[in-house]
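*Asks:* Model the following, please.
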Amino acid sequence: MGVSRKFIDRLLEDRVLEARRSSGGKHPRIKISDVLALSAERERERSGHDAIRDAFADMGLLENA
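*Replies:* Down below sits the predicted model:
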C-alpha cells in the first residue's frame with residue numbers, strides 16, 4: 001500500500017482495518033481481502049482528487065498545475 005507501519009497501527013486503532021492475534025503471537029493478523037479493499041478505496045479517492053485538481057487546472061484556477 002505504500003504506507004508506514006505507524007499508519008497501519010492507526011488504522012487498526014481506529015478500526016478501519018480489523019485484525020486478530022494468533023495464540024502466542026505478537027503481531028496482528030489482517031485479512032488480505034480487507035487490505036485490498038482499503039487499497040482500492042484509497043485509489044478511488046486519489047483518482048477523484050486528481051480529477052478535481054485537473055478540472056480546476058483546466059479552468060485556470062490553479063497556479064501550480
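
*Asks:* Tell me where this structure has helices.
*Replies:* Secondary structure of the chain (DSSP state H): helices located at 5-13, 32-58.

*Asks:* Who are the contact partners of the residue sitting nearest the centre point of the chain?
*Replies:* The chain has R42 as the residue nearest its centroid, 4.3 Å off, counting by C-alpha atoms, centre = their mean. Residues counted as contacts of R42 (C-beta atoms under 8 Å, 6 or more residues apart in numbering) are M1. C-beta: built from backbone N, CA, C; applies to glycine.

*Asks:* quick one: it and F56, what's the gap?
*Replies:* In this view, R42 and F56 are 21 Å apart by C-beta to C-beta, to the nearest Å.

*Asks:* What's the separation between A51 and V3?
*Replies:* Applying C-beta to C-beta, the value for A51 to V3 is 22 Å.

*Asks:* Please disregard the earlier target; I meant R29.
*Replies:* Note on R29: its distance to V3, by C-beta to C-beta, is 18 Å.

*Asks:* now do S23
*Replies:* Counting by C-beta to C-beta, the gap from S23 to V3 is 28 Å.

*Asks:* Let me know the pLDDT of the residue nearest to P28 when sequence neighbours are not counted.
*Replies:* Counting by C-beta to C-beta, 6 or more residues apart in numbering, P28 lies nearest to A19, which is 3.5 Å off, once chain neighbours are set aside. Looking at A19, its pLDDT reads 94.
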